[in-house]
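Novice: I would like the atomic coordinates for the input below:
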Amino acid sequence: MPSYRSQPLPVLLSLLICSSLLLTACAQAAPPTSPPVRLQSPLSPTPPPPAAPTLTPTPTLAPPTSTPVPTSTPTPLDPWAAIDPRGQSIVFWHSQQYDRAAVLEEIVSEFNTSNPWGIQATAIAHAGQNDLFFALRAALNTSAAPDLVYLFQNQAATLQRFDGLRDLNSLLLSPLWGLPAAELAELPPTILAQDVFSNLDGARLGFPTYRSAEVLFINLDWLGELGYEQPPQTPPEFMEIACKASQQPFSLRSGSNPGLGYALTIDASRFAAWTFAFGGELVAPENDRYAFNSPQAIEAMRFLQEMVNAGCAQVVEQRYADQDGFARGEILFTLGTSAGIPFYTRAVDENARFVWDVAAPPHLPAEPRLNVYGPSLSILRSTPEKELAAWLLLKHLSTPAAQARWAAASQYLPVHPAAAEFLTETFADYPPFESANQLLASARFEPNFPGYEDVRVLIGEALLDIARGADVETTLNSLNNQANTILQDQGK
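Specialist: Below is the predicted model:
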């Protein structure tokens, strides 16, 4: 069987380093008074995601049905009651490009023309999340900083070491400006919890509007040829089917390579996805430290090592080789981000043209447990008036209609369940997108610790070593020790 290891180890490690920033009690807080402080420590770079095709947009967003106005004095339960956001000019930074940026900026423009407070927001695109973060690091706690920005959780945790972000709890719970309890109850609680930091007294440093999930891509036609009517539900079933596929190539494959059951990409998010699927977590709740050497993580990594040793899985070292092999009908299963659905769709249409879908990774617990990730909207510290104006733009971006419009353009998954009502045409055009969207309630998430971008590189190296035969328990013990040392160095 030909190998999918088409690049040497240095190339693979460079890809790991380049992708290191991906993935990462409701207290009342008064408006800010802290002095400016500059962030100084550098972080590793992250490439931006590839642009997705433009999809059918959802209806134009409607203005609010009522206009809150500030009261004369703050109340004990609402420190924002006396803040007046009228006439504020705010800046919103994001890292989207091309068609995605255009749709996002259209939504902001509609806020400018429809909001009853006369708030004007300027959306500024950066070349990628890494470019945005380095620019933000330089501008933090100065007049050059934006008012609203998309940040991954580990990035938010790093900035908050310098008191750069507003805790959103008091805004979220404001009787005048916040979100109603009934609306909050509709949102997936695990996803809402992703932006809450236990080591910062429960501070909420972001609010989610979209996410991606680690999903299993499946060639359904090939699965049927192998004699199976449903995707595998458990890891043993997954191994059985993958091994059978490695012996029985797909009849409609367009490439010359024989069958391969599973293409394993080396990435920290794959490690997290398989650990979650085996019932594990990446953080020990008793001490708020990394737990990469839990019994479940050890079992998951031994499972992957066994699949590689049996010839039922191979490590993919060339970027997108798993997607390309899948599209040619040479690989039965891949595991990766739901954000890749439009690219898989195009690749399959240009190659073997078979029926495929996505599903939850096979799991040992009774219910699926998906690795779900994505940046959230964070508000930078400035003046109370600007912070409240930024919060009102955040609320606009988080409405079901806005989330659906953005999802249709980007195929990121909307967080609000009601957004699905606007996505009928998109689901019809991209059935796997609907399948992925239905899995969000099973969300788990990677650590939101500062320094996690460096830990992700170590996770990828450990996963590669395990796939190449290293002792699993020894490797994960070493990984865990290194990760917790980084965490300690970050002051946590």
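Novice: following element in sequence after the strand of greatest length in the chain, please.
Specialist: For the chain, the strand with the greatest residue count under DSSP state E is strand 210-219. Helices and strands here follow DSSP states H and E; after strand 210-219, the next one along the chain is helix 220-225.
Novice: contacts made by the next helix or strand after that next one with the rest, please.
Specialist: Moving toward the C-terminus from helix 220-225, the next helix or strand (DSSP H and E) is helix 235-247. Residues from elsewhere that reach helix 235-247 (CB atoms under 8 Å, 6 or more residues apart in numbering): 1, 222-223, 226, 228, 232, 258-262, 277-278, 303, 306-307, 310-313, 332-333, 362-364. For glycine as for every other residue, the C-beta is placed from the backbone atoms N, C-alpha and C.
Novice: sort out for me which of those residues are in helices.
Specialist: Counting by DSSP state H, the contacts of helix 235-247 place 222-223, 277, 303, 306-307 in helices.
Novice: for the closest residue to residue 257 other than its chain neighbours, what are its contacts?
Specialist: Sequence neighbours aside, residue 330 is the residue nearest to residue 257 in space, at 4.5 Å (criterion: CB to CB, 6 or more residues apart in numbering). Contacts for residue 330 (CB under 8 Å, 6+ apart) come out as 249-250, 253, 255, 257-260.
Novice: wait, residue 479 touches residue 293, no?
Specialist: Yes: the pair residue 479 / residue 293 is scored as a contact, 7.2 Å apart, by CB atoms under 8 Å.
Novice: just the contacts of residue 330: which are in strands?
Specialist: Reading strands off these with DSSP E, I get residue 260.
Novice: related to what we said a few turns ago, adjacent strands (with direction) for the longest strand of the chain?
Specialist: Counting by DSSP bridges, the strands paired with strand 210-219 are strand 331-337 (antiparallel), strand 356-359 (antiparallel), strand 370-373 (antiparallel), strand 413-414 (antiparallel).
Novice: quick one: mean pLDDT over it.
Specialist: Average pLDDT, strand 210-219: 98.
Novice: what angle sits between it and helix 235-247?
Specialist: Angle of strand 210-219 versus helix 235-247, following axes from the mean of the first three to the mean of the last three CA atoms, to 10 degrees, is 50 degrees.
Novice: and the gap between residue 268 and residue 288?
Specialist: To residue 288, residue 268 is 19 Å away according to CB to CB, to the nearest Å.
Novice: more neighbours: those two, which one.
Specialist: In this view residue 268 and residue 288 are compared by other CB atoms under 10 Å, and residue 268 has more residues nearby, 26 against 14.
Novice: count of residues packed around the nearest residue to residue 186 once chain neighbours are set aside?
Specialist: Closest residue to residue 186 apart from its sequence neighbours, by CB to CB, 6+ apart: residue 417 at 6.0 Å. Neighbourhood size, residue 417 [other CB under 10 Å]: 16.
Novice: tell me the contacts of residue 417?
Specialist: Residues in contact with residue 417 (CB under 8 Å, 6+ apart) are 186-188.
Novice: separation between it and residue 428?
Specialist: From residue 417 across to residue 428, the span is 19 Å (CB to CB).
Novice: cool, residue 298 as well?
Specialist: Distance of residue 298 to residue 428, given as CB to CB: 43 Å.
Novice: between these two, who's got more neighbours?
Specialist: Taking neighbours as other CB under 10 Å, residue 298 and residue 428 compare with residue 298 leading, 20 against 11.
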